[in-house]
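Colleague: turn this into a model:
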Amino acid sequence: MLRRPSNCFALLCFMSSFLPLVSQGAESPFHLRVNMLLTEAPKGSLEARWGTVDNREKAETEQIHLLAKAKSMAGRNSHVQLEIYLENKSDEYLDQVKLHIHRASSEDDLFDITEDAYTETPLTVPAVIEVNRMAPFAVRKVSLAVRKSLAPFILGKLTYQPSPSQQAPVSSSNILVTDKGDELWALDSENHQVVVFRLSDYQEVARISVPEGPSSIAYHRGLNRMLVASRLANQVSIIEPMKKTILATIGAQDQLGRELREILASPVDNKAYVNSYVEGTITEIELNPDGQLLSFQSLEIGPRPAKMSMTHDGSEIYVAHFLPRGPIRSNESWLSNIDRKSFKKLKDSIIEDHFNPDQENLACLADFYSNYPPAKLLFDKVKAQDLSLEGVASQLAGVFLSPSGEHAWIPGTRITGALVVLEKGPDADPNLQRFGGLQLAQYVAPIMFPMHVGSDKRLHEIYINDFELAIPTLGNIIRCMNHPLEIEFIDRELKKNGREQINPFLAYPVPQGALSGFGLVKQISFSEGGRLAFLLSHSSDEIAVYDNVEFHPASQEHFQLSGSNPKGMAISPDYKQAFVLYENSPHISVLDISAYSRAAGDLRFPEQIPYYYGPSLQNPIQLGSLPSFPLNRKIDQAPLEPRIKERAQLALWSKDPLSPDLRRGKILFSSANPDKYPVSQNRLGACASCHPDGGSDGSSWVTMEGSRRTMSLRGGVKDRGWLHISATHKDAHEFVELVVKERLGGKLNKDDLRNLSLYLDEGIPKLQNPRVNQELAAQGQLLFQQKCQFCHQGPAYTSGHLTMGEEPALYNLGTGNLDHGVGSGKFFSTLIGISDSASQEIMEALLGDRRLGPGDPIQEILDFRQRPVREIGQFKAPSLVNTFDYSIYLHDGSAASLKDAIKAIAAKLNYQLKDDEVDALEAYLKTL
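Modeller: Sure, this is the predicted structure:
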């Protein structure tokens, strides 16, 4: 493994260090000079390299080390990229770390590109770059664009102040280790217990019964209390950690909201914060010194809040929202930034869908192609609509602040209309170019969205220098798209020499992309000094290790866990152990991660995987959202697997509250690791990848039946009869038998088919309903009985019917739509059609609704299972169970809210509903 170079003089590092922490702080000079002869990248290597920067200052002390390297820049050919690394060598937090630039070789043409490689605002020299807080043993990186000259240089000093606080940021979790490292507290959510283990001998010391469904635990240091949020009981328990007894419970009357998911404890006062998934609120709880409730207040932040983080000083709270908002053609994902002092929301942080037709970058791209000679041969004028497709971020699991607090990791995915949920039979047309490379189950790639904490205290996207990936004549596409850094996990192909690899289907082929496939992530923790991020995949039962400074992978493959569907991870204070909690296994894994701690010697210094862009015979271009040459990475120096070992297993529960068949079905539903389970042939595709926790992913997919929004399965499907909006599957058993094979490439035996079907029928729980005005809901119930009940019948409020031999009741309200705005638009299908007319026909047909059944030309080309006869616009009435939880409505996702859907259907049926009647119907539907 590569480590920080030890010969600092030979590598032209600058090391400045200070005396032990003193109140007045310290400073040290630097004088960095770039050796231009060494900055041009050699063949097959684009990363910056050591030895390219000389430092004329020779100060060498022990507090902070400064190292630098440089590289030539793509996109700014007139500049070199200077990468400066600051390493805190102490076991203390440092504050107000700053780089003061006194002079530079080109003082009016120097740019700070650390967070935005495309900034057009130069620094004004003398300048101050605020690095701010550094965790013990942390490394921070500053990137500058320096104009080329014979000898570019910057000259200045580094300063810092000792921190009055040794507090790290905090993130919500379901498992934690006490500050002393002597106890592990974990939640057994299904048996409604908190289980405590003594870590000196791994013995269980307590089981504390708490209200139903404990979901999150936090330690309040100031009060010396454990706080446990219970999802089903909607209460918070206050626990005395020495006696292991409950002192009080809060929220018996649902005052804190329903479906409480995450709780955080303030590090600076007597407050705590808990969020409500179904009501979209965060509630501030103020406790007295004995842990008793003094007051509480709630703040609406928007639907489906997920895991939260709080800054080290308690000034801000960051909350991810699990699903996107808005209709398909203008949707977006977002994070709430909350100022804790005022307890008000700041402006939301947005993760955009770059391919929405109203995006400025898509209009820029349309203008480019309208004037691009090859495109002009096919199009008179390209419009943004021609380039549009679905690409929204979804399933944002949480916000995880790094130990220094400078940036956060937000795990999620993107739903992409460029990807077809493919089904092919043995007699499919073998000449289909567009669909030849797609594999079953390659649907939902995990994506990490790194964001930095701005001076306005909000989270902002990071923009890297990604012009390297551009085919020269298409460089303006990169400039138009203005794509922030996103880290995607997708399958790889090893090249013949075994020392290099490509990932052919990377949507955004930057060198930070993962080296191999992975499942969706639910939790992120950090190694000592925040050098590495541990990414915990719920669906592939693995841990991926990532460089937290460079955002590059730290190994080729991932560490496979012993349990099923991990949902939480805690790190010991000495960073030698990690503890993993599972959703579907009776034990907690004790992992040895000491190889990434100081116990193993020097901490791993930030590293990049060597990379270059270039075509090959097998892969002439990159198949992604941006046209580029394939990304090639040299992996001969990258470890094959993480240096992690399982040392022990702690028994979380001995009696499973679920039957063996239901437990097996739940595991199969949630899993996507073909090395462990037969349900999927790829880590990117589990049932839960599109139906997280049995719900919806908040978007639509291009399926063989046309573009379709993802339906929620909450409450089970036993009472729904025929499944899918077009009612093309008779029941859960037929659905599992066909779809697992056709879409996931799985091979289930009879027992597993029965178990998975049973879980779909009976095992997926409902969410609690949000609180509504009961009088208004009663009025809505009367309206529903008068106007809606004819179609929405039975326990599931659907027209699917229950009898196997009975056809479903189908209706055509005139909602048929030939283009849902999900699939790849006219521009892409036309390009495909130049050499593959059949693929063009498929792409255009799948954009919206078409007649299904015998004579369907798409079925004949692809030879997938023939559907029953369904006319355009003919659908069943969907189930209304937990219908409030959708983020889009109607089969084409054109309605952004339940109220919008009510109005749209009422208009189709010529119901003249007044506003108060719409409100009443909405209130009633939220109770179903």
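
Colleague: every contact and neighbour count from this point should use C-alpha atoms.
Modeller: Will do.

Colleague: name the nearest residue to residue 646, sequence neighbours excluded.
Modeller: residue 591 (4.4 Å; C-alpha to C-alpha, 6 or more residues apart in numbering).

Colleague: that neighbour belongs to a helix?
Modeller: No. Going by DSSP: H, G, I helix; E, B strand; the rest coil, the assignment for residue 591 is strand, not a helix.

Colleague: name whatever forms a beta bridge with it.
Modeller: Counting by DSSP bridges, residue 591 is bridged to residue 578, residue 646.

Colleague: now the phi/psi pair for the spatially closest residue to residue 873 that is not a sequence neighbour, please.
Modeller: The shortest distance from residue 873 to any non-neighbouring residue, by C-alpha to C-alpha, 6+ apart, is to residue 816 (3.8 Å). Main-chain torsions, residue 816, degrees, to the nearest 10: phi -60, psi 140.

Colleague: can you give me the neighbour number for residue 816?
Modeller: 18 (other C-alpha atoms under 10 Å).

Colleague: ditto for residue 206
Modeller: Neighbour number of residue 206 under other C-alpha under 10 Å is 16.

Colleague: surely it touches residue 195?
Modeller: Yes. Counting by C-alpha atoms under 8 Å, residue 206 touches residue 195, with 5.9 Å between them.

Colleague: so where do the strands sit in the stretch 651-800 of the chain?
Modeller: Per DSSP state E, counting those that start in this stretch, the stretch 651-800 of the chain carries strands over the ranges 700-703, 706-709.

Colleague: for those, state which one has the densest average packing.
Modeller: Most buried of the strands of the stretch 651-800 of the chain, by mean neighbour count (mean count of other C-alpha atoms under 10 Å): strand 706-709, with a mean of 27.

Colleague: what packs against that one?
Modeller: strand 700-703 (3 or more C-alpha pairs under 8 Å, 6 or more residues apart in numbering; DSSP states H and E).

Colleague: and the closest residue in space to residue 506 that isn't next to it in sequence, how close does it get to residue 483?
Modeller: Of all residues not flanking residue 506 in the chain, residue 624 sits nearest, at 5.6 Å (C-alpha to C-alpha, 6+ apart). Counting by C-alpha to C-alpha, to the nearest Å, the separation of residue 624 from residue 483 is 13 Å.

Colleague: quick check: residue 858 vs residue 851, distance?
Modeller: Shown here: residue 858 relative to residue 851, a distance of 10 Å by C-alpha to C-alpha.

Colleague: hmm, I was thinking of residue 179
Modeller: Taken as C-alpha to C-alpha, the span from residue 179 to residue 851 is 62 Å.

Colleague: ok, these two, which is more surrounded?
Modeller: More crowded of residue 179 and residue 851, by other C-alpha under 10 Å: residue 851, with 18 against 12.

Colleague: so for the residue nearest to residue 506, what's the pLDDT?
Modeller: pLDDT, residue 624: 76.

Colleague: what kind of secondary structure is it in?
Modeller: Classified using three-state DSSP, residue 624 is coil.

Colleague: what of residue 878?
Modeller: Residue 878 ends up coil, using three-state DSSP.

Colleague: could you find the closest non-adjacent residue to it?
Modeller: Nearest one to residue 878, counting by C-alpha to C-alpha, 6+ apart, is residue 798 at 5.2 Å.

Colleague: give me the pLDDT for the one you found.
Modeller: 94.

Colleague: just the buried positions in stretch 372-390, please.
Modeller: 375, 382, 383, 384, 385, 386, 387, 388, 389, 390 (16 or more other C-alpha atoms under 10 Å).

Colleague: cool, stretch 130-144 as well?
Modeller: 131-144.

Colleague: what of stretch 556-573?
Modeller: 556-572.

Colleague: pretty sure residue 100 belongs to a strand, no?
Modeller: Yes. Counting by three-state DSSP, residue 100 is located in a strand.

Colleague: what lines up beside the helix or strand hosting residue 451 in the sheet?
Modeller: For residue 451, the host element (DSSP states H and E) is strand 446-453. Note on strand 446-453: by DSSP bridges, its sheet partners are strand 407-414 (antiparallel), strand 459-461 (antiparallel), strand 487-488 (antiparallel).

Colleague: of all those strands, which one is nearest residue 520?
Modeller: Of all the strands paired with strand 446-453, it is strand 407-414 that lies closest to residue 520, at 7.0 Å by C-alpha to C-alpha.

Colleague: starting at the chain centroid, how far to the closest one?
Modeller: Relative to the chain's own centre, strand 407-414 is displaced by 4 Å; criterion: C-alpha atoms, centre = their mean, to the nearest Å.

Colleague: and for stretch 723-737?
Modeller: With C-alpha atoms, centre = their mean, you get 29 Å for stretch 723-737.

Colleague: what distance do you get for residue 632 to residue 679?
Modeller: Between residue 632 and residue 679 the distance, using C-alpha to C-alpha, works out to 31 Å.

Colleague: one step back: pretty sure the residue nearest to residue 646 contacts residue 575?
Modeller: No. Contact criterion C-alpha under 8 Å: residue 591 and residue 575 do not qualify, at 10.7 Å.

Colleague: sec struct for residue 125, please.
Modeller: Residue 125 is classified as coil under three-state DSSP.

Colleague: what sits against the residue nearest to residue 506?
Modeller: By C-alpha atoms under 8 Å, 6 or more residues apart in numbering, the residues touching residue 624 are 505, 506, 507, 508, 509.

Colleague: picking up where we left off before, tabulate the buried residues of stretch 130-144 (TSV), appending secondary structure.
Modeller: Below are the buried residues of stretch 130-144 laid out as TSV (three-state DSSP):
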residue	secondary structure
131	strand
132	strand
133	strand
134	strand
135	coil
136	coil
137	coil
138	coil
139	strand
140	strand
141	strand
142	strand
143	strand
144	strand
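
Colleague: on that earlier part again, nearest to residue 26, out of the strands of the stretch 651-800 of the chain?
Modeller: That would be, of those and by C-alpha to C-alpha, strand 700-703, which comes in at 55.6 Å.

Colleague: I'd like to know which elements that closest one is packed against.
Modeller: Strand 700-703 sits against strand 706-709, with contacts defined as 3+ C-alpha pairs under 8 Å, 6+ apart.

Colleague: could you list the paired strands of the strand it packs on along with their orientation?
Modeller: strand 700-703 (antiparallel).

Colleague: same question for the partner strand, mean pLDDT?
Modeller: The model assigns strand 700-703 a mean pLDDT of 92.

Colleague: do stretch 111-119 as well
Modeller: 94.

Colleague: gap between the two ends of it?
Modeller: Counting by C-alpha to C-alpha, the terminal residues of stretch 111-119 are separated by 7 Å.

Colleague: got a list of contacts for that stretch?
Modeller: 120-123, 141-146, 452, 461-465.

Colleague: of those residues, closest to residue 266?
Modeller: Nearest member of the contacts of stretch 111-119 to residue 266, counting by C-alpha to C-alpha, is residue 452, at 21.4 Å.

Colleague: low-confidence stretches in the stretch 701-850 of the chain?
Modeller: 802-805 (pLDDT under 70).

Colleague: just the chain next, same as before
Modeller: For the chain, the ranges with pLDDT under 70 are 1-24, 41-44, 58-62, 433-438, 802-805.

Colleague: per-domain residue ranges of it.
Modeller: 14-162, 167-300, 660-925 (automatic domain parsing).

Colleague: among the ones you listed, which is nearest residue 312?
Modeller: Closest to residue 312 of the domains of the chain is domain 167-300 (C-alpha to C-alpha; 4.2 Å).

Colleague: roughly how far is that closest one from the heart of the chain?
Modeller: Worked out by C-alpha atoms, centre = their mean, domain 167-300 lies 25 Å from the chain centre.

Colleague: can you give me the end-to-end span of it?
Modeller: 28 Å.
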